[in-house]
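Peer 1: Sequence plus predicted model, see below.
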Amino acid sequence: RVVLGIESSCDETGVGLVRLATDGTVELLADAVASSVDEHARYGGVVPEIASRAHLAAMAPTMRRALDESGLELSDVDAIAVTAGPGLAGALMVGVAAAKAYASALGVPLYGVNHLGGHVAVDTLEHGPLPDRCLAMLVSGGHSQLLLVEGIAEKITEVGTTIDDAAGEAYDKVARILDLPYPGGPPIDKQAKLGNPKAIAFPRGLTGPRDAKYDFSFSGLKTAVARWVETEQREGREIPVPDVCASFQEAVADVLTAKAVRAARDLDVDTLVISGGVAANSRLSELAAQRCAEAGIALRVPRPRLCTDNGAMIAALGAHVLASGAKPSPLDMPANPGLPVSTIVVQ
Ligand code: ATP
Ligand code: MG
Ligand code: FE
């Protein structure tokens, strides 16, 4: 069966197509993405109204591209999955409205699914079925979470989350401090390769003995970078951008991987999936590989294109939900900006 997925929770309009085989495996057929990231660059972050309008303009052309890429027609589609939340209200509404229109026109079931679950499900397109239990670390511009996944269509529980900024948000804010372009992840990653990660001792948030074991905090780190840069500027010294980037990146990768490995051990799971835009970070994947190997944990990281927001991840989750036999979502299903991670499919 062919499942079409629509994503519009943030600044990417995504349409993906997957095929669900009778043995439950899910294969990627097409993945078309249009991003409004350039339109947000001058504001240093996503502007909701701009994102919503961009989704409206991009939806039909992105749908066309996905179908062309797969060589399929709309009449080949057996089910539609859409991001029901969490995300920006106006942005989500565009995708949900489109999905309802396609589902009712084609007479196929609609599944309103969870964006965060999609980030985990996408890994099955690359590395095959997930084990019965695994830990997922989701690190993006809007999220930094540790999730216990006990069946991708059955049960997802939040184990830890950020108490302030998301990891990607910290990258974007630090890039701004250093006059690097938005989004900040790629330029900081690049600069960091030229610098010394031990040059500056930036704080590791929430790693004290009395802190919440699996929660994250990145706002103190961002402030520490800002203060360090201000002091240097005040004293008339030139900012060693590569060293600041390398030291900041080391702090982020250190905390993320240490907490993920600790949670995996405590929860007795032997597989860690890392997804979201920050999963593309070179130091994070390097350190995660090293620490997972030491702890005997299998590490799965989808390729960067699948880590960032896309429609294929929603199609993938939709396919797993379809395979589980879950009821479709009602056609009057609302978009839910605050959809809890435990709600995998809206009923
Ligand atoms: P959501 O949080 O809803 O998934 P988003 O659009 O913010 O939405 P993504 O598109 O998954 O999330 O990821 C974008 C984020 O990833 C940005 O904050 C960006 O700076 C960060 N990022 C991208 N590449 C890298 C990298 N190499 N290193 C670190 N961060 C990166
Ligand atoms: Mg994005
Ligand atoms: Fe996302």
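Peer 2: Good, I have the coordinates. Ligands and ions are numbered 1, 2, ... in the order given.
Peer 1: what are the ranges of the strands in this protein?
Peer 2: 2-7, 12-20, 26-35, 79-85, 110-114, 134-139, 144-149, 156-161, 271-275, 298-300 (DSSP state E).
Peer 1: Let me know the angle separating the longest one from strand 12-20.
Peer 2: Note on geometry: by axes from the mean of the first three to the mean of the last three C-alpha atoms, to 10 degrees, strand 26-35 and strand 12-20 are set 170 degrees apart in direction.
Peer 1: do the same with the first one
Peer 2: Taking the same axes, to 10 degrees, one finds that strand 2-7 is oriented at 160 degrees with respect to strand 12-20.
Peer 1: Now the strands of the chain in JSON lines, please, with extra columns for mean pLDDT, mean neighbour count and distance to ligand 2.
Peer 2: C-beta here means a position set from N, CA and C on the backbone, and glycine is covered the same way. What follows is the strands of the chain, written out as JSON lines (pLDDT from 0 to 100; neighbours: other C-beta atoms under 10 Å; distance: least, C-beta to the ion, whole Å):
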{"stretch": "strand 2-7", "mean pLDDT": "98", "mean neighbour count": "28", "distance to ligand 2": "10"}
{"stretch": "strand 12-20", "mean pLDDT": "98", "mean neighbour count": "27", "distance to ligand 2": "5"}
{"stretch": "strand 26-35", "mean pLDDT": "97", "mean neighbour count": "20", "distance to ligand 2": "7"}
{"stretch": "strand 79-85", "mean pLDDT": "98", "mean neighbour count": "29", "distance to ligand 2": "12"}
{"stretch": "strand 110-114", "mean pLDDT": "98", "mean neighbour count": "28", "distance to ligand 2": "17"}
{"stretch": "strand 134-139", "mean pLDDT": "98", "mean neighbour count": "28", "distance to ligand 2": "12"}
{"stretch": "strand 144-149", "mean pLDDT": "98", "mean neighbour count": "24", "distance to ligand 2": "14"}
{"stretch": "strand 156-161", "mean pLDDT": "97", "mean neighbour count": "18", "distance to ligand 2": "19"}
{"stretch": "strand 271-275", "mean pLDDT": "98", "mean neighbour count": "26", "distance to ligand 2": "13"}
{"stretch": "strand 298-300", "mean pLDDT": "98", "mean neighbour count": "18", "distance to ligand 2": "21"}
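Peer 1: Ramachandran angles for residue 335?
Peer 2: phi -70, psi 140 (degrees, to the nearest 10).
Peer 1: Ligand 2 contacts on this protein?
Peer 2: 10-12, 309 (C-beta under 5 Å from the ion).
Peer 1: Against ligand 1, which of these make the cut? List them.
Peer 2: Counting by C-beta under 6 Å from any ligand atom, 10-11, 309 from those sit close to ligand 1.
Peer 1: Specify which member of the residues you listed is nearest to ligand 3.
Peer 2: For these, the closest approach to ligand 3 (C-beta to the ion) belongs to residue 309, at 4.3 Å.
Peer 1: Isn't residue 7 up against residue 94?
Peer 2: No: with contact defined as C-beta atoms under 8 Å, residue 7 does not reach residue 94; the gap is 10.6 Å.
Peer 1: Please see if the longest helix anywhere in the chain touches ligand 1.
Peer 2: When the chain is parsed with DSSP state H, its longest helix is helix 241-266. No: Helix 241-266 does not reach ligand 1 (C-beta under 6 Å from any ligand atom); its nearest approach is 7.6 Å.
Peer 1: Number the residues from 382 up from this point.
Peer 2: In the new count, where the first residue is 382, that last one comes out as helix 622-647.
Peer 1: Taking strand 652-656 as reference, get the angle to that helix.
Peer 2: Using the same axes, to 10 degrees, helix 622-647 lies at 140 degrees relative to strand 652-656.
Peer 1: Now for residue 582: which residues touch it?
Peer 2: With contact set as C-beta atoms under 8 Å, 6 or more residues apart in numbering, residue 582 has these partners: residue 628.
Peer 1: ok, the residue nearest to residue 705 when sequence neighbours are not counted - contacts?
Peer 2: Distance criterion C-beta to C-beta, 6 or more residues apart in numbering; nearest residue to residue 705, sequence neighbours excluded, is residue 534 at 3.9 Å. By C-beta under 8 Å, 6+ apart, the contact set of residue 534 is 698, 701-702, 704-705, 707, 725-726.
Peer 1: Ramachandran coordinates for residue 534?
Peer 2: According to degrees, to the nearest 10, residue 534 has phi -100, psi 0.
Peer 1: which residues are in contact with both of residue 388 and residue 475?
Peer 2: residue 394.
Peer 1: Do I have it right that residue 550 meets residue 598?
Peer 2: No: using C-beta under 8 Å, residue 550 makes no contact with residue 598, being 11.8 Å away.
Peer 1: and residue 452, how many neighbours does it have?
Peer 2: Applying other C-beta atoms under 10 Å, we find 10 residues neighbouring residue 452.
Peer 1: Out of residue 550 and residue 598, name the residue with the larger neighbour count.
Peer 2: The neighbour comparison of residue 550 against residue 598 (other C-beta under 10 Å) goes to residue 550, with 23 against 20.
Peer 1: contacting residues around that one?
Peer 2: Taking C-beta under 8 Å, 6+ apart, we find residue 550 in contact with 522-523, 599.
Peer 1: Tell me who's in contact with residue 677.
Peer 2: Contacts of residue 677 (C-beta under 8 Å, 6+ apart): residue 651.
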